[in-house]
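Student: Below is the structure, and that's it, no one-letter string:
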């Protein structure tokens with residue numbers, strides 16, 4: 001059995017990019033891994049199939065407290081999938097839901113947390129959740145924010161953007177690597193090299209460069225355009241949109257920027273996201 005290594009982030013912050021890189025690197029492939037095969041390598045914590053074996057009745061008939069309890073049992077089952085470390089994607093914050101932890105720390109070995117400027121997250125997430133910018137700003141500031149259970153996924157709990165970031169990153173640990181999305185854009189080879197070393201890997205330079213190239217934003221976008229991506233919401237024209245930084249400067253009004261900074265100043269300041277003048 002292998003303990004879990006979480007790939008955690010607030011939605012639309014680079015989690016899929018990280019999953020693709022690790023898959024391409026660790027499987028040492030020479031062609032980009034199809035998007036719908038990412039779950040073969042990195043498990044999706046939110047899939048209902050992990051909880052269903054532990055349910056006494058259909059999940060839709062269970063009270064929230066019972067769903068929260070059996071989620072942890074499903075996470076323990078994930079350790080049996082691979083003999084080595086098991087990578088698991090999550091958008092949950094590192095906290096409680098209905099009296100139970102959302103993350104089973106008893107079977108956790110570590111985590112990689114990807115943080116992205118909320119001024120850009122709001123632009124990407126509003127398309128993903130099919131809301132306007134002002135509504136998305138409100139969602140990112142709500143402690144009750146999350147995603148309801150549907151036919152495939154368990155409920156997810158995001159909390160506020162600030163609480164999500166704080167919950168995962170406030171306590172430094174040798175088992176935790178925090179990566180800024182903006183640094184991945186600026187120096188993908190260097191930053192993904194940091195990720196590889198954090199995992200105890202020393203890949204040859206050519207292998208590292210190939211994994212970075214095969215998981216580039218342009219490659220991922222082309223894969224989606226050619227083959228689709230089942231994680232794309234039905235209402236969205238695409239999962240991968242721009243993949244750039246600082247787009248907020250051309251889109252957000254000063255009032256919208258001020259709202260976001262006011263709600264999240266402390267965590268934004270920790271990561272150098274507070275714009276000059278705010």
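Tutor: Alright, I've got the coordinates. From a predicted model like this one, the values you see are computed outputs, not experimental measurements. Numbering: from 1, shown residues only.
Student: what's the distance between residue 15 and residue 271?
Tutor: When Cβ to Cβ, to the nearest Å is the yardstick, residue 15 and residue 271 sit 17 Å from each other. Bear in mind the C-beta positions are built from the backbone N, C-alpha and C, glycine included.
Student: ok, now residue 22?
Tutor: Using Cβ to Cβ, we find residue 22 at a distance of 22 Å from residue 271.
Student: Looking at those two, which is more packed in?
Tutor: Neighbours per residue, other Cβ atoms under 10 Å: of residue 22 and residue 271, the larger number sits with residue 22, 25 against 18.
Student: distance of the more buried one from residue 68?
Tutor: Distance, residue 22 to residue 68, by Cβ to Cβ: 28 Å.
Student: Same check on residue 202?
Tutor: Between residue 202 and residue 68 the distance is 40 Å, computed by Cβ to Cβ.
Student: the more surrounded of these two?
Tutor: Comparing residue 202 with residue 68 by neighbour count (other Cβ under 10 Å), the higher total belongs to residue 68, at 21 against 8.
Student: what helix or strand does the more buried one sit in?
Tutor: Under DSSP states H and E, the secondary-structure element containing residue 68 is helix 64-78.
Student: immediately after that helix, which helix or strand?
Tutor: strand 86-90.
Student: Parallel or antiparallel, list what pairs with the helix or strand just after that following strand.
Tutor: Remark: after strand 86-90, the chain's next helix or strand is strand 96-97, criterion DSSP H and E. Neighbouring strands of strand 96-97 in its sheet, by DSSP bridges, are strand 100-101 (antiparallel).
Student: Off-centre distance for the strand it pairs with?
Tutor: For strand 100-101, the distance between its averaged C-alpha position and the chain's averaged C-alpha position is 19 Å (Cα atoms, centre = their mean, to the nearest Å).
Student: again, but for stretch 169-177
Tutor: 16 Å.
Student: what does stretch 54-71 give?
Tutor: The chain centroid and the centroid of stretch 54-71 are separated by 24 Å, computed with Cα atoms, centre = their mean.
Student: Tell me who's in contact with the residue nearest to residue 146 when sequence neighbours are not counted.
Tutor: For residue 146, the nearest residue in space outside its immediate sequence neighbours is residue 157; the separation is 4.3 Å by Cβ to Cβ, 6 or more residues apart in numbering. Contact criterion Cβ atoms under 8 Å, 6 or more residues apart in numbering gives 92-93, 95, 97, 102, 145-146 as the residues in contact with residue 157.
Student: One more pass at 7 Å, please.
Tutor: Contacts here follow Cβ atoms under 7 Å, 6 or more residues apart in numbering; on that basis residue 157 touches 92-93, 97, 102, 146.
Student: Roughly how far does residue 25 sit from residue 107?
Tutor: Using Cβ to Cβ, one gets 24 Å for the distance from residue 25 to residue 107.
Student: Between the two, tell me which one has more neighbours.
Tutor: Between residue 25 and residue 107, counting by other Cβ under 10 Å, residue 25 is the more crowded of the two (22 against 18).
Student: Quick check, that one in contact with residue 204.
Tutor: No: in this structure, residue 25 sits apart from residue 204 without contact. The criterion is Cβ atoms under 7 Å, and the distance is 10.9 Å.
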